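**Student:** what follows is a predicted protein model with its sequence.
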Amino acid sequence: MGEDSVVFGGKIALIGAVLIFINVLILSMNSAPIILSSYQVSSVSQLITPPQDAGLWARIAFGNRMVVNSGLMALWIIFAGLCLLGAVILYSKPVNPLYPSLAVLIFSLLSIFTGGGFIVGMVLGVLGATIALQWRKPWRETFFIRMLRSMRFDSEMFSSVKNSIEDNVNAAFTVVAANFLGMFGASLYIFNVNLILSPESPEDPVKILLLGETAFDFQTLATPFAHISIGIFKWLLITSLFYLFGTKILGRKAEFDSVARATAYAYSPRILMIFLPLIFTNQPFLTYDWPVFALSVTRLWIFFALIVAARAVFEISLGKAFGITLLASGIYWIIMYNIVAKHIEIPGIMFTIGPEFALLMLVSLATLLALLLGVFKRE
Amino acid sequence: MEEETKFKIVLTFALVALIFAAISIVTPWWVIGTTPEYELELNTTGTHASYSLFQQVSATSGNLSVTVSFTNMTSEENAKPLAELCSLTSTLTTIGLVFNVLTVILIYLMFTRNERMLKFAKITAVISALIFLAATIYFQSEFATRISNFDSVIPTAMLETPIQGSKISGFWGGIEMSSGLFEWMWSAGFGWYSAFTAFVFSAMLYILVNSFFKKKE
């Protein structure tokens, strides 16, 4: 079983490492970052000055200009080579996969400065390395694969974490990773949009939109860091509500930590927001609406994952799981955004439903629906 | 992992090193050109020139494209130091390429005839890696000094105001505009990077042979 994880991780890491190497070679051939845009523009004013005559424009960039145009590029070729070497060694089933896995993990993460193997390479490298790092587990039960399975609403995965006591750390780490990485993506995107719309120097929009740079400030790390504690609080809150409705109202048997593990994995879709700063578009998307839209999509995704989690943990019908999730989410919303958020200033993006009367109406509707679905009928 | 798969991996690495070694001989080792921001500002396609080991400079500007030898850009005396650098680097890369070919042959023989040629394959891989490393470091460290005598680093037919060789401060660099963005930028060409990649792959090949076939020795 252990060997399977190493070989499977090695295969994925190998594909990732090859992509990383190809990306680095293309950068060295171009002596410039790879910038793909929907159509060519000669100035930023064509994109952001209203009225907007141009159609939808989007660009994706791979590689940092300062890295590409310097002697550092040789260093990145060595890094890409070491990543490839680590992946090949992993694929060959070494006795101790720790060091090659760590090498692939570190060099895959570092490849972000050279385009991350068109991003796909970096993702595969990290995924493969982390699978191989947990070589004692079957690959389907490794950390990131579980996150992927939860995104696919795999009820079997939620059932398995319910009984896996040793997974408390992984569950907490899922919440931390999803909140930190997701909010980091949103913060970085907003920071760059601010620079485009209110530039500190006239070159800022040119650098970001046309030359493919992504501006970074250490402030963009502060917001996601703050969201670690907020994420843990939200996780404990939603777990408490699920536990309350599932065990005390519905009468199902489940331990608090079992519910906590399942709800933690339901947070996985939030991690996808890390990819927000990858693509920049012109108006109307060059606003804060875009990260809020992404947040809404991941919220909805989390909501559906929670339904599957509730169904697996309490072993109830889909209707009842939907009812519990609806009711718990409604009360969670009132506590989080109408009580907590009024006392603690939550940094970054969030959306609220207003006026409060409308929110209460929605929660009442959710309660009635939950009642009809049999949430209050004790089994 | 099966022995056959290991051999295939090692052979692939040797072939990749060989391909990059061959590419390095025919592609440019140093490039200079206008930056994208400068081209955006002037709304032009810009001017670009690349230096090859064949002691030639290829330049493009809009629809215009020329290839000239070093002696067409400056006096024979001024061109000589750079010509010698290119000549020596070319010799080094050719020797490196020969060692790469030998490595591929040795690994292939080891694979097909089951001959114990590991030791020789390792030696040739290390020699070729060292040669490519030496070639790239030598070219990179000497280039700026040897081009400093050039009257213009871009063929004069392409530019009204020449960029003198003395302005090239290092192998990587650029000329800034008043806004802080760059007007001209120069860096290693794909040939240089290919030679460096050939070094990386040859070195990795040595490590892989060591790690895969320890017992055979």
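**Tutor:** Structure received.
**Student:** contact residues of the stretch 101-250 of chain A facing chain B?
**Tutor:** A:201, A:202, A:203, A:206, A:207, A:210, A:211 (Cβ under 8 Å from any Cβ of the partner chain). Yep, even glycine has a C-beta here, placed from its N, CA and C like the rest.
**Student:** residue B:117: which of those residues is nearest?
**Tutor:** The closest of these to residue B:117 turns out to be residue A:211 (Cβ to Cβ; 50.5 Å).
**Student:** so the closest one sits against residue B:41, correct?
**Tutor:** No: in this structure residue A:211 lies outside contact range of residue B:41 using Cβ atoms under 8 Å: 11.7 Å.
**Student:** how much space separates the spatially closest residue to residue B:131 that is not a sequence neighbour from chain A?
**Tutor:** Closest residue to residue B:131 apart from its sequence neighbours, by Cβ to Cβ, 6 or more residues apart in numbering or on different chains: residue B:96 at 3.8 Å. Residue B:96 sits 16 Å away from chain A, going by Cβ to the nearest Cβ, to the nearest Å.
**Student:** filter the residues of the stretch 101-250 of chain A next to chain B down to the buried ones and hand me the ChimeraX line.
**Tutor:** Here the buried members of these are turned into a ChimeraX selection, burial being counted by 16 or more other Cβ atoms under 10 Å in any protein chain shown:
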select /A:203,206,207,210,211
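**Student:** which members of the residues of the stretch 101-250 of chain A next to chain B occur in helices, if any?
**Tutor:** Members of these lying in helices (criterion: DSSP state H): residue A:203.
**Student:** show me which pair in the residues of the stretch 101-250 of chain A next to chain B is furthest apart.
**Tutor:** In those, two members sit farther apart than any others by Cβ to Cβ. They are A:201 and A:210, at 14.5 Å.
**Student:** what number of residues lie near residue 97?
**Tutor:** Picking chain A for this. The number of residues packed near residue A:97 is 27, by other Cβ atoms under 10 Å in any protein chain shown.
**Student:** the chain in question should be chain B.
**Tutor:** Based on other Cβ under 10 Å, the number of other residues close to residue B:97 is 22.
**Student:** now do the contacts for it.
**Tutor:** B:18, B:21, B:22, B:25, B:128 (Cβ atoms under 8 Å, 6 or more residues apart in numbering or on different chains).
**Student:** got a list of what the first one touches?
**Tutor:** Neighbouring residues of residue B:18 by Cβ under 8 Å, 6+ apart: B:97, B:100, B:101, B:103, B:104, B:198.
**Student:** excluding sequence neighbours, find me the nearest residue to the residue nearest the centre of chain B.
**Tutor:** With distances taken as Cα atoms, centre = their mean, chain B has residue B:192 as the residue nearest its mean C-alpha position (1.7 Å). Leaving aside its chain neighbours, residue B:192 sits nearest to residue B:29 (4.5 Å; criterion: Cβ to Cβ, 6+ apart).
**Student:** so which of the contacts of residue B:18 comes closest to residue A:227?
**Tutor:** For the contacts of residue B:18, the minimum distance to residue A:227 (Cβ to Cβ) is 46.0 Å, reached by residue B:198.
**Student:** which residues does the closest one contact?
**Tutor:** B:17, B:18, B:20, B:21, B:24, B:96, B:100, B:128, B:132.
**Student:** save those residues as CSV, and put in secondary structure too.
**Tutor:** Output for the contacts of residue B:198, formatted as CSV (DSSP: H, G, I helix; E, B strand; the rest coil):
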residue, secondary structure
B:17, helix
B:18, helix
B:20, helix
B:21, helix
B:24, helix
B:96, helix
B:100, helix
B:128, helix
B:132, helix
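**Student:** closest to chain A out of the residues you listed?
**Tutor:** residue B:20 (8.8 Å; Cβ to the nearest Cβ).
**Student:** ok, the closest one to residue B:198 distance?
**Tutor:** Between residue B:20 and residue B:198 the computed distance is 4 Å (Cβ to Cβ, to the nearest Å).
**Student:** I'm done for today, thanks for sticking with me.
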